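1. Okay, structure incoming, though there's no sequence with it:
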């Protein structure tokens, strides 16, 4: 009778382990292939936005292309088009800096 009790206890533990291992592997997969690269990209984008300078050519998330006219804490004024119209956009809306800087 003691042998059957022991085998049922170890069988339950091994089935729990078999169930948790794929779940743990899935979490590790999501971290290394989805979450971590996204965090790296967010840091890279934040660094790009912090290094903006007056005169840089930028593209916004909406596709507006312009030249940085002034920079405030969380907004940027860009000059667009031939008529030199100015648009104020949030810094987070800057998608790409087209100007190459020497480092």
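-> That came through, no problem. Predicted model, so just to flag it, every value in this text is computed and none were measured.
2. Roughly how far does residue 43 sit from residue 36?
-> From residue 43 over to residue 36 the distance is 11 Å, taken as CB to CB, to the nearest Å. The way it works is simple: take the backbone N, C-alpha and C, and place the C-beta from them, glycine included.
3. Oops, could you answer that again for residue 16 instead?
-> From residue 16 to residue 36 the distance is 28 Å (CB to CB).
4. got it, and residue 58?
-> Residue 58 is 27 Å from residue 36, by CB to CB.
5. One more: residue 84?
-> Applying CB to CB to residue 84 and residue 36 gives a distance of 43 Å.
6. Likewise for residue 89?
-> Applying CB to CB to residue 89 and residue 36 gives a distance of 29 Å.
7. who's more crowded, the two?
-> Neighbours were counted for residue 89 and for residue 36 using other CB atoms under 10 Å; residue 89 has more, 17 against 11.
8. How about the backbone phi and psi for that one?
-> phi -130, psi 160 (degrees, to the nearest 10).
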